[in-house]
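Asks: no sequence on this one, just coordinates:
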């Protein structure tokens, strides 16, 4: 095939020379076969020896999930115990407050007059009544008694020969309609109060001390009271009643100066004091 290609080129040149044309130099290009230089085969490298497979590590033991602990219930914060205090009774201010409340409260009945009288009264409650009374500026005898409609006496509110202002308790025994018999030589006034926030002259806690000069009614707050101590200075009667859950006890009944201690009933909630001189009481 290579020689045939050369023959074609020579014949073409002869034909051109016969035609009278100056022959163009002919460059004969011979195709030379180049034998590629063999590449050097690289020497085989050493095959790396296999590394030792490390022994398997111990699979960690699964620890059990701890059960949730119960949330503790909140504890009650103890109520702080109030510090003991000394309370002074002021029946003048107490009566003035009741006068202002008379027109707007169904728990109060206001009465007033001058000299002897008998008054029909419809009470706001038929169990226990606080009677707050003032009068006898003329310094004569002054007394008020309470009667049921059938004539039975249900309470004594006042019995004195001195100018008076004070609070006492009486039990109408289921009678809401009563009569008040007044023995007086000058003007007087009073307020009858059903059990309510207004039915006491003062409120004390167990451990407190109360002091005054006139008859008064005191509410006792708190539990655990077991004793009452009292001191009285004067020439006349000093009487203290303690009112408990289901009964009334006479704690003190003295004349003149006195100092002593007495038990109180369970569930003590009221003190009723009758006196006409300085007195001081502590409940604990």
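Replies: Perfect, I can see it now. Just so you know, these numbers come straight off a predicted model, no measurement behind them.
Asks: For the stretch 1-150 of the chain, which segments count as helices?
Replies: Counting by DSSP state H, counting those that start in this stretch, the stretch 1-150 of the chain has helices at residues 2-18, 91-101.
Asks: Least confident of the ones you listed, on average?
Replies: Here the helices of the stretch 1-150 of the chain differ in mean pLDDT, and the lowest is helix 2-18 at a mean of 48.
Asks: for this structure, which spans come out with low pLDDT?
Replies: Residue ranges of the chain with pLDDT under 70: 1-64, 66, 78-81.
Asks: Kindly report the domain assignment for it.
Replies: What automatic domain parsing lists as the domains of the chain is 91-193, 200-283.
Asks: out of the ones you listed, nearest to residue 65?
Replies: domain 200-283 (48.8 Å; C-beta to C-beta). In this view, the C-beta of every residue, glycine as well, is placed from N, C-alpha and C.
Asks: picking up where we left off before, list just the one of the domains of the chain that sits closest to residue 75.
Replies: Residue 75 lies closest to domain 200-283 among the domains of the chain, at 20.5 Å (C-beta to C-beta).
Asks: Test my guess that residue 230 contacts residue 253.
Replies: No: judged on C-beta atoms under 8 Å, residue 230 makes no contact with residue 253 at a distance of 11.0 Å.
Asks: Now do the shared contacts for those two.
Replies: Common contact partners of residue 230 and residue 253 (C-beta atoms under 8 Å, 6 or more residues apart in numbering): residue 238.
Asks: Run the angle between the strand or helix carrying residue 191 and helix 91-101 for me.
Replies: Mapping residue 191 onto the secondary structure by DSSP states H and E places it in strand 187-193. Between strand 187-193 and helix 91-101, the angle comes out at 70 degrees (axes from the mean of the first three to the mean of the last three C-alpha atoms, to 10 degrees).
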